[in-house]
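A.B. asks: Fold the stuff below for me.
(3 chains)
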Amino acid sequence: MSNRIFLPLVIALALAVPFFTANTYFHHLMVLWMLFSLLALSLNVIIGYIGELSFGHAAFFGIGAYTAAIVGMNFGLAGIPGLLLAAVMAGLFGFVIGYVSLRIVGPQFAILTLGFGSIIYTITNYWVDLTRGPMGISNIQPLGLWGEGGVALTGARGYYYLTLFLVIAFAYACHALLNSRTGRAFIATRENAPLAASLGIDVFRIKLLGFVVATAVAGVAGAVYAHYLTVITPDVMSLQYVAALIIMVIVGGRGTIAGPIIGALIYVVLLELLRALGPLRLVIFAALLTASVIFLPGGIVSLWRRLTGEETKPREAAE
Amino acid sequence: MNHGRARCSARPSPDWGEPVDYIVLAQQIANGLVNGMTYVLIATGLTLVFGVLHIINFAHGEFYMLGAFFTYFAAQLLGLDYISAAVVATLAVAALGILANRLFFWPLRREHEFTILLSSLGLALLLTNGGELLFGADPKYVDSPFADSIVQAGQLVVTQQRVLIFVVGAVILLALNLFIRHSRMGKMMRATAQNPEGAALTGVNIRQVYTVTFVLACGLAALAGALVGPTAMIFPTVGSWAVLKGFIVVILGGLGSIPGALIGGLSLGVIEALAGGYISLGFAQAIGYAIIIIVLLWRPQGLFGTARRT
Amino acid sequence: MKKTRWLLTAAAAVLAGSIFGASAQDKEPVRIGTIAPLSGPGAFDGQLAVEGMEAMAALINENGGVLGGRMLELVKYDDKGNPEEGVSAAKRAIEQDDVDVIVGGWFSSVALTMKEVTRDRILNIMTSTQHPNTTKEGHKLLFRLNATSTMMSDTYSRFICDKMGLKNIAFITINDDYGRLEVENYRKLLDTCGIEVLGNEFYNKEDTDFTTALTKLKALNPDAIYVSAINTAQGATIYRQIKQTGYQGTTIASAGNMNPKLVELSGRSLEGVYSVSLYAPDSENERLKAWVEQYGEMFSNEPAFIGTLGAQAVELIAGAMDEVGSARDYEKLAAALRGRSWDTLLGTITFDDIGQAQQNIYLVQVKDGKITSVKE
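C.D. replies: Numbers count the residues shown, from 1 in each chain, chains lettered A, B, ... in the order given. Below you'll find the predicted structure:
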C-alpha cells in the first residue's frame, strides 16, 4: 500500500539525482552502483531464489564483457546487438554449466561453479589470439545504438540512465516472477525441494531457468561495463568480484529486491567514504561488514522490517 | 603462439636417451607429493570444521597466513630457532581459534549457512587487511636451516624442508586420526557431526566441541603456514590462495572425511605437477579444476564422502 | 536570539575562511596525483615507488617548493596493480580531486589503459612500465621514464652474447605483456649471436611455487636460466627455488628488477647474478646522494630503482613547472620537457617526440649482497 507512493518517489529521485551535481566523478559512482545492483540482483536469483551459492558469477560477467568487446572490435557491433549477443553468450554458458551442475546441491555446487569459473578465467588468460590474454582489451568503443556511427553514449550520465533502466526493468521482472506461478515454484523449490517435486514441480527445470536468467543478465552487465570503462582484463572474473557480489546480496538482504540494490549502494558508497582513512580503509570496511552480519543476519532489509514491524519473525518462531 | 613454440623446443633432445624422462617424471611426482601434503594440512582443518560443525570457513586460509607470519616474528623478535618458532606460532594461532570461534562463529550457530559464510568472509578480509597494515607490505622470508639443504636420492633432488613438510604432515595426520577415533573428545565430535541435537541431548557439550574443533583447525592451518613459509616468500594475501586449494581438496576427497582430505590433497598435488610438467603450466590449475568437476559429477559426495541427500 | 547569533558566527567563519583562503591561494600546493599499487601483490613495489617520490618532494619543499613557494603534495591512489582500478583512480584524480599532474604506470597493463583517461587532458608521467606501446600509442602530454623492454634487451643481450659465454639458455617469464615481450625480444636477439633458446615457461602473477616449472627447465640442461620477474616476492622465490632444484648453471635477472629487498630475500641465490638498470647505487651523482640521504631519514627501506624513477618524475615536474611558470599549462610543460636535456638524480635525461626518455643503462651485479655497477 505504501509502496504505491514510495516506489514512484524513489524512481523519480533516481532519475533526478544526476542533475543535483555536475561532478562527473559522482556520476561515475552512480554508474558503478547501478552496474553492481544489476549484478547483485542477478546473483540474488541464484542465492535468494534458487537457494544455492555460486562462485562462478563473475565469469559470466566476464563472458558478457569479452563478448561485447570482441564483437565490437572485430565486427563493429557495439550497440544493442552487442548487448544481446553478450546476454545470449553468457546465458548459453550458463545453460551448459547449470545443466551439468544444478543436479548437485550445497557446498559441492558452490565448488563446481568455482571450478567452471576458474577454467573460464584460465582460458581467457591464455587464449591470447582472441582475448589478448592478461593485457586485456582496451580502447573499446562507447556504446552506440547500432554499432559504430549513430548515437553513442559517452558521458557517465548516459550510462547511468541506461543502467538505471536495466535495473528497474530487471527488478520489475523479478517482482513479477515472484508473484507468478513460476515464482511460487521457485520458492517451493528453495524451501523444500523434495516436497516441491512431489507436488509435480520440475525442480531441475525451475532451477535451470533461474540460473540461465541470472547468467544472461550478468552478461548484459558485463557488456555495459566493458563499453563504459573501455577496458577489460581477465581480472573482471577474479574471485574478488565474486566475494564483493556475495557481500552485496547478503548484507543487503538475500531473496528480496531492495536488498541487493541497497547492498550495492553500501558497497560503493562505503568504500568511497572510507578512502580518507588510507591504509585503514579495508580494515574498517571488513569490520563493518562482519559486524553487520553478526548483528543483522537478515541483511539491511530486515532492519527496515524490524523498524516498521511489518514482519513478525515467522522464521525464528518456526525454529 | 609463443607458448607452442616453447613447448616444442622443451621436448628433451633424443641423444639424452630414455632414462632422463623417468627421472624428470619421478622428480615431478616428488614435487607434487610435497605440494600435495601442504594442501592436505590446509584441507584437514577445513574438512574438520565442515564435518563436525557444518560451517564453511572462508577465513581458514588466513590462519595459514598467520602461522607463517607468527613463525617469522617469533624468530625475529624472540630470537627463537626455526623449530621452536614454528611450534610457538602453531600454538598461538590455535589459541586464536578460540577467539575466532567465540566472536564470529558460535554466536551465529543458529543462523542460515549463508550468514555464517559471510561472517567468515568478513573475518578473512579483516585478517588479510589487518595483516597488511600490521606486518607491512614488504614480502618476508621465514628462515629455516633446512630450506636450502638438498637431499639427493639418485638423481632426485629435494630440499630437507620439503622432506620435513611431508614427514610432519604424515605424523600429524596420523595423530589427529587417533585422537578423533579414540579420545572422548573425538567421540563427542563425531557424535556432533552426525546429529548435533541428538548429541546435545546425550550430554555432549556442544560449546566445547566448537572450541576444540576450531583450535585443531586453526592449529593445523598455522602448522601448514609455518612449514611452507621457508619454501616461498610470505605476504599478507597468501591466505586466499590457501583457502581455495583447501576447498578443492575437501570437496574432492569428500566433505568431512579426513582420509578423503589426505588422498584428495596428494592427488591434486601430483595432478598439478604432472599437468604443469607435461601439458602446460598455465593450465595446471584449470586441469586440476576439470578433474574435480569430473569427480563431482561422477560422485557428488566426493571420493570418500558419505552420500547425504538434502 | 540564539539562532541569529549562530548565524552571525557562521557568517563570520565563512568570511574568515574566504579571506584566509584567498591569502592561502597563492601558496596553494601543487598536487601530484600518485597512482600506484598500494595493496595486493604489487603493494611493496608500490610502497618503494611512493617513498621515492615522497623523499624527492620533501627535498624540493625544503628548498622552497616550486613556482615561488608552492609546496608539492602527493595525492595517493591505490590501483591494486589492476587496469580497471587504474582507470577509476585516474578518473577520480582528474574529475573529483582536480590534481595538477599524474604520476603512475608502474605496471604496463595499468599504464596502457590509464593513458586513455589522461589522453590530452593532463600531464601524465609514466614510470617503470617497460611496454613499448605505453609511448608508441601515447599522447602529447604523456612521458615515460623507464627504458622500454626493447631498449633494455638491446643493451643486455649485447652483454649476454659477448661476455657470458653461453651456448644455450632457458626462460621463466611472467604471463603478461611484459613477460611475453621479453621472450619475443630475446629469442630474436640471442638467436643472432648463436645462443639457442631451449625453452620458456610462463607463470601467473598469483603463483607461489615454481618447482614444477624449474624442474622442467633444469631437465633441458641450459647454460643459463633467464628469470623475468617484476614482483619482488615472486622473484625472490624463483631465485631461491632455482638453487633448491639443484641447478648449477648461471642465473640471469631481467632488466630493471634488481632491488635491495630482492637481494636480502634471495640470500645466497642471487650472489654474482647480473641485471641491467638505470640506477647504479654506487653512482657519484650529487643529486642522487642528497635524495638517498633524505630517503634514509624518512623511511626504513633501502632506496630502490623503482623509487628513483618516482623521484625522477617529481624532479622533472618541479623543473618543468619552474621553467614554464605554471602548473597547469600542459602544452607548455610538455614542450619544456621535450625541449632540452635535464639533470636528474639518475643523470642526464632527454625525451623524444613521443615522450620516451633516453637515459644511461648500467650493467649491475650482486656482489657480497650489494648491487654494484659493472665497470667495463
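A.B. asks: Can you name the residues of the stretch 51-200 of chain B sitting close to chain C?
C.D. replies: Counting by Cβ under 8 Å from any Cβ of the partner chain, the stretch 51-200 of chain B comes close to chain C at B:129, B:132, B:137-141, B:147-148, B:150, B:152, B:157, B:159. (Each C-beta comes from the backbone N, C-alpha and C, glycine too.)
A.B. asks: need these in JSON lines with secondary structure, neighbour count and distance to residue C:97, can you?
C.D. replies: Below are these laid out as JSON lines (DSSP: H, G, I helix; E, B strand; the rest coil; neighbours: other Cβ atoms under 10 Å in any protein chain shown; distance: Cβ to Cβ, whole Å):
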{"residue": "B:129", "secondary structure": "helix", "neighbour count": "22", "distance to residue C:97": "23"}
{"residue": "B:132", "secondary structure": "helix", "neighbour count": "20", "distance to residue C:97": "24"}
{"residue": "B:137", "secondary structure": "coil", "neighbour count": "22", "distance to residue C:97": "23"}
{"residue": "B:138", "secondary structure": "coil", "neighbour count": "19", "distance to residue C:97": "28"}
{"residue": "B:139", "secondary structure": "coil", "neighbour count": "25", "distance to residue C:97": "31"}
{"residue": "B:140", "secondary structure": "strand", "neighbour count": "22", "distance to residue C:97": "34"}
{"residue": "B:141", "secondary structure": "coil", "neighbour count": "20", "distance to residue C:97": "38"}
{"residue": "B:147", "secondary structure": "coil", "neighbour count": "22", "distance to residue C:97": "46"}
{"residue": "B:148", "secondary structure": "coil", "neighbour count": "17", "distance to residue C:97": "48"}
{"residue": "B:150", "secondary structure": "strand", "neighbour count": "13", "distance to residue C:97": "54"}
{"residue": "B:152", "secondary structure": "strand", "neighbour count": "9", "distance to residue C:97": "59"}
{"residue": "B:157", "secondary structure": "strand", "neighbour count": "21", "distance to residue C:97": "54"}
{"residue": "B:159", "secondary structure": "strand", "neighbour count": "25", "distance to residue C:97": "50"}
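A.B. asks: out of those, who's near chain A?
C.D. replies: Applying Cβ under 8 Å from any Cβ to those, those adjacent to chain A are B:129, B:132.
A.B. asks: Can you give me the pLDDT of the residue lying closest to residue B:231 once chain neighbours are set aside?
C.D. replies: Distances taken as Cβ to Cβ, 6 or more residues apart in numbering or on different chains place residue B:161 nearest to residue B:231, at 5.9 Å, with adjacent residues excluded. On pLDDT, residue B:161 comes in at 93.
A.B. asks: what does residue A:4 give?
C.D. replies: So residue A:4 comes in at 69 (pLDDT).
A.B. asks: The one 3 residues further on now?
C.D. replies: Residue A:7 is assigned a predicted lDDT (pLDDT) of 82.
A.B. asks: sec struct for it, please.
C.D. replies: The local conformation at residue A:7, judged by DSSP: H, G, I helix; E, B strand; the rest coil, is helix.
A.B. asks: follow-up on the earlier one: and which of the residues of the stretch 51-200 of chain B next to chain C is nearest to residue B:73?
C.D. replies: residue B:140 (9.0 Å; Cβ to Cβ).
A.B. asks: That closest one against residue B:235, yeah?
C.D. replies: Yes: contact criterion Cβ atoms under 8 Å: residue B:140 and residue B:235 qualify, at 7.3 Å.
A.B. asks: biggest separation within the residues of the stretch 51-200 of chain B next to chain C, which pair?
C.D. replies: Pairwise distances across those (Cβ to Cβ) peak at 42.7 Å, for the pair B:129 and B:152.
A.B. asks: For residue C:148, give me its contacts.
C.D. replies: Neighbouring residues of residue C:148 by Cβ atoms under 8 Å, 6 or more residues apart in numbering or on different chains: C:130-132, C:134-135, C:356.
A.B. asks: and which of the residues you listed is nearest to residue B:244?
C.D. replies: In terms of Cβ to Cβ, no member of these lies closer to residue B:244 than residue C:131, at 29.9 Å.
A.B. asks: so who does the closest residue to that closest one other than its chain neighbours touch?
C.D. replies: Leaving out its chain neighbours, the residue that sits closest to residue C:131 by Cβ to Cβ, 6+ apart is residue C:108, at 3.8 Å. Neighbouring residues of residue C:108 by Cβ under 8 Å, 6+ apart: A:135, C:129-131, C:134, C:176-178.
A.B. asks: gap between residue B:179 and residue B:212?
C.D. replies: 10 Å (Cβ to Cβ, to the nearest Å).
A.B. asks: Of all residues in chain B, which one is closest to chain A?
C.D. replies: Scanning chain B for the residue nearest chain A gives residue B:122, at 3.1 Å (criterion: Cβ to the nearest Cβ).
A.B. asks: Number of residues surrounding that residue?
C.D. replies: Counted with other Cβ atoms under 10 Å in any protein chain shown, residues neighbouring residue B:122 total 25.
A.B. asks: wait, isn't it in contact with residue A:289?
C.D. replies: Yes: using Cβ under 8 Å, residue B:122 is in contact with residue A:289, at 4.5 Å.
A.B. asks: Check which helices and strands the host helix or strand of the residue of chain B closest to chain A sits against.
C.D. replies: Element membership for residue B:122, per DSSP states H and E: helix B:113-135. The contact analysis (3 or more Cβ pairs under 8 Å, 6 or more residues apart in numbering or on different chains; DSSP states H and E) places helix B:113-135 against helix A:239-252, helix A:281-295, helix B:60-78, helix B:238-253.
A.B. asks: ok so, going back, quick check, pLDDT for the residue of chain B closest to chain A.
C.D. replies: 88.
A.B. asks: how close does the residue nearest to residue B:231 get to residue B:41?
C.D. replies: For residue B:161, the distance to residue B:41 (Cβ to Cβ) stands at 14 Å.
A.B. asks: Give me the more crowded residue out of these two.
C.D. replies: A count of neighbours by other Cβ under 10 Å puts residue B:41 above the other of residue B:161 and residue B:41, at 29 against 24.
A.B. asks: for the more buried one, what are its contacts?
C.D. replies: Contacts for residue B:41 (Cβ under 8 Å, 6+ apart) come out as B:169, B:172-173, B:220-221, B:223-224, B:227, B:265.
A.B. asks: Then residue B:143?
C.D. replies: With contact set as Cβ under 8 Å, 6+ apart, residue B:143 has these partners: B:75, B:82, B:230.
A.B. asks: Let me know the closest of those residues to chain C.
C.D. replies: The nearest member of the contacts of residue B:143 to chain C, counting by Cβ to the nearest Cβ, is residue B:230 at 9.2 Å.
A.B. asks: quick one: that closest one is in a helix?
C.D. replies: Yes: counting by three-state DSSP, residue B:230 is part of a helix.
A.B. asks: Give me the neighbour count for it.
C.D. replies: Neighbours of residue B:230 under the rule other Cβ under 10 Å: 28.
A.B. asks: Apart from its chain neighbours, what residue comes closest to the residue most central in space within chain B?
C.D. replies: In chain B, the centroid-proximal residue (Cα atoms, centre = their mean) is residue B:42; its distance is 1.5 Å. Closest residue to residue B:42 in three dimensions, ignoring its sequence neighbours and counting by Cβ to Cβ, 6+ apart: residue B:246, at 4.2 Å.
A.B. asks: I figured the one you found hits residue B:39, correct?
C.D. replies: Yes: if you go by Cβ under 8 Å, residue B:246 and residue B:39 touch, sitting 7.0 Å apart.
A.B. asks: from the contacts of residue B:41, which ones fall inside strands?
C.D. replies: Judged by DSSP state E, these include no members of strands.
A.B. asks: which parts of the stretch 201-319 of chain A sit against chain C?
C.D. replies: Residues of the stretch 201-319 of chain A found near chain C (Cβ under 8 Å from any Cβ) are A:229-233, A:235-236, A:278-279, A:282.
A.B. asks: If we check chain B, which of those are in contact?
C.D. replies: By Cβ under 8 Å from any Cβ, the members of these lying near chain B are A:279, A:282.
A.B. asks: Among the residues of the stretch 201-319 of chain A next to chain C, which one lies nearest to chain C?
C.D. replies: Nearest to chain C among those is residue A:231, at 4.1 Å by Cβ to the nearest Cβ.
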